[in-house]
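# coords please:
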Amino acid sequence: MDERNRLNLNVEEYLQESDVQQRIINNVQRVHSEITITIGRAASLFGFTENQLRDWEDRDLLKPIRLSGGQRHYSYTELEKLAIIRELIDARYAPGEIPAHIDEIWSSATVLKTRQESLPGSTEHFQEQVTIEERLERIRKQAFWRYFVSRTLRLTLGLVCENSVTSAGIVLPLTGHADLTPGLLPKDLSKKGISLIGWSGRDSSFSTFLDAAPSFEYPSDFRVVPLQSSEGSEQAVIALLVVPREMRSLNLSEAVVGTVQRLLTFLCKHLSEWDGAFRQGMQDVTISYTDIYSNAHSPDTILQELAEAVVALGGDRLDGSLRWRYSYILQPQDSILPLHQRSLVVQAKSKNCPFKVGVDSLYPYDSSHSFSLRAFQSGHIVCHPGILEEDASCEADLDENIMCPRIAVPIGGEDGQPLGVLYVVAEPTHAFDKSDQRLLRLLGKMMEELLRVYKVRRQVMHRLTDLIEKPALIDKAFVEFESETQFMYDFEHLLFDIKRRTEEFYPEFATDGSSEADEQLSSSIDDELEKEWVSCVAIDIDNLGRIANKYGDLMVRNLSREVGLRILGQFHASIRKPETYKLYHVSGDRFYILMKGIDDEQSLQDAQRLRDALAGSYHIAGLRSFIEQPTLPDGMAVLSDITVRLAVTSYKYNRLLKILKEFAKGRSDAAAIIEVRKKVSSTLDDVLKLGMDKGGHVVLAWDHPLHRFVAYTAKNATQIVSNVNEGLISV
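You can find the predicted model right below:
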């Protein structure tokens, strides 16, 4: 605050400024840390003898400061500890029962009390007066930590307990007395003091919160194990796992533990930045999601409460009773089937609903008589004022109250893919008007958002161990193929090996000599490497943009996978031994093949065979990823007249060596190797573009005698093509 502004404030206003208050607090804390009193004064303040204080010092209960001359002095912190000891002795606790870290126990207890007293709505919650801008800034800072901390614990527990639908937790002690050695009993967990807890419920929900002294109502239901590798790693244990007593051994790999410990260590390091996001009031974080395919019998709390809210929002009748009897939410089970063939199961219900969650279902063969199925399939609300008793046999919905008005509201479905149905049954005297329909549509929007989030969260947590075992692989559809990163490594390693072999037999190659000596050396090296070849083939699918525009990106992705599998099948069947080639998936529809020991003529023949083998029809799943769910034969689309273009470059080892030496001028060996590999890749990509200009379904290969690329069509017609990257190819 500058001088001019300060003069405009009275004393009360000045002392309310945040920077002024902080400076005063800092000074008070400094005094607290520096002021001390003698042992005699400390003893008299609390009614103890000096000998008692000396005895407690011997047991490490007190830690006075020794000033010059050896006299004991007690700091403000030690005086606080004496106040705690005085209270305990007055309560008839023996000195031997008081632990050495009693100050930390007191701190934990006061934190818990502070959290309880700072609940929203209490007077204390609003004592601190800050501007809206300051509050928003705090919220923004805490938002990241609330998200990051809760997701870190969730992912950690997901890795540890993957595929185990159970109640389990992770405990991260935050005090200095966290002994995490094996053998800790659940009933002793509270001794760890303030801890960060991540807890996975049986309904797949996940909660994150701080606890001053973690404990269980039934400790014998659990066992506590340290988060450590079963492979005998010497990594420090920084967290505990709480699992059901009957759960099998975890057998955690060092890779899993090492990965999550990096995240947990980061949390501990930044404790002062995020603990306020959980410490100030009851700010526990819960992540809910329902997996209707594997856990349908466990109702979701939020959906259940929404079903209850629907009934309450229906309003009251004149006698005070509710106008709507009950509601329930149905979701499809068989998402692999077409929309009109999917059955619906009760996923949540209000308290008066007579049906069972996860059990009672509607089946598509009843759709002509079922309001819920008709609403689900049609994308319209189906509303009925009730039916006459003599027509009761016509109604095949779940409801036994068939004389009552009822309404079925699709959840979602604007994109043609409904997520479920909200079904409400009213009292006989009530009809659902447009205002009711509008209200139910809004509630349906809430349910839609929730279900979409649940679906994404379920997908995110699916097969987490795969990212530990194969961290570089994202799309599992391409697990059979090597990556572009592997191609870069393999080709650079090949160049390095050629250089190493040359320098091993010809040490003078690494030095610059006379031009005559260089010529003699080159001749010797040529003789050595003349017969060794490496060939690179790039493959691209023709007219992919047209296919994507017509069928969508998922179809293109699945087509690319099928092309890759057909390439592998062709190699396995008739072309090369596995040790002579590698197939790499380098982008959406592009593949590279690296073939060692294959000369230019043979690689051209192989490429022509591939061009012909890859042409034709493909049966593709166009609506879903095969990774998530299998596609039935009837759900496969047939793509006809698919063609590919191929680019082929072949190099003798001595040619690569000369190129490498040329690029090494003014560069390090490592930089030269990288540049050569980049040139080889860019050559393949540029030649594929030329193949597109030629109309596709063509092989373009470098002709060494002509020093040109030549296009080979399916009819064995050839055409000379302009140079590409001549600086690399023709030297």
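# let me see the domain layout of the protein.
3-115, 141-287, 301-460, 476-729 (automatic domain parsing).
# okay if I get the ones you listed as CSV plus mean neighbour count?
To be clear about C-beta, it is placed using only N, CA and C from the backbone, and glycine gets the same treatment. Supplementary listing: those in CSV, determined by neighbours: other CB atoms under 10 Å:
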stretch, mean neighbour count
domain 3-115, 13
domain 141-287, 17
domain 301-460, 17
domain 476-729, 17
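# distance to residue 470 and mean pLDDT for the ones you listed - can I get that in JSON lines?
As requested, those are exported to JSON lines (distance: least, CB to CB, whole Å; pLDDT from 0 to 100):
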{"stretch": "domain 3-115", "distance to residue 470": "42", "mean pLDDT": "77"}
{"stretch": "domain 141-287", "distance to residue 470": "11", "mean pLDDT": "80"}
{"stretch": "domain 301-460", "distance to residue 470": "17", "mean pLDDT": "82"}
{"stretch": "domain 476-729", "distance to residue 470": "8", "mean pLDDT": "81"}
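# phi and psi next, for residue 552.
The phi/psi pair for residue 552 (degrees, to the nearest 10) reads phi 100, psi 170.
# equivalent analysis for residue 589, please.
In terms of degrees, to the nearest 10, the main-chain angles of residue 589 are phi -120, psi 20.
# likewise for residue 61?
phi -80, psi -30.
# for the stretch 1-150 of the chain, just list every one of the strands.
36-38, 65-66, 72-75 (DSSP state E, counting those that start in this stretch).
# three-state assignment of residue 649?
strand (DSSP: H, G, I helix; E, B strand; the rest coil).
# so it sits against residue 682, correct?
No - Residue 649 is beyond contact range of residue 682, at 10.9 Å (criterion: CB atoms under 8 Å).
# quick check, central residue of the chain?
Centroid check for the chain by CA atoms, centre = their mean gives residue 460 as the closest residue, at 5.3 Å.
# for the host helix or strand of residue 657, name the packing helices and strands.
Using DSSP states H and E, residue 657 sits within helix 653-663. Using 3 or more CB pairs under 8 Å, 6 or more residues apart in numbering; DSSP states H and E, the elements in contact with helix 653-663 are helix 484-505, helix 515-529, strand 533-541, helix 669-693.
# as a markdown table, those with distance to residue 81 would be great.
As requested, the helices and strands packed on helix 653-663 are exported to a markdown table (distance: least, CB to CB, whole Å):
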| stretch | distance to residue 81 |
| --- | --- |
| helix 484-505 | 58 |
| helix 515-529 | 79 |
| strand 533-541 | 74 |
| helix 669-693 | 61 |
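# to residue 587, which of those lies closest?
helix 484-505 (7.4 Å; CB to CB).
# hmm, who's touching that closest one?
Residues outside helix 484-505 that contact it (CB atoms under 8 Å, 6 or more residues apart in numbering) are 472, 482, 509-510, 525, 528-529, 534, 536, 582, 584-587, 592, 594, 596, 653, 656-657, 660, 669, 673-674, 676-677, 680-681.
# apply 7 Å and report the result again.
472, 509-510, 525, 528, 534, 582, 584, 586, 592, 594, 653, 656-657, 660, 669, 673-674, 676-677, 680 (CB atoms under 7 Å, 6 or more residues apart in numbering).
# straight-line length of stretch 174-187, end to end?
With CA to CA, to the nearest Å as the measure, stretch 174-187 spans 18 Å from end to end.
# now find how far off-centre the lengthiest helix in the chain is within its chain.
Ordering each helix of the chain by length in residues (DSSP state H) puts helix 132-160 first. With CA atoms, centre = their mean, to the nearest Å as the basis, the distance from the averaged C-alpha position of helix 132-160 to the chain average is 14 Å.
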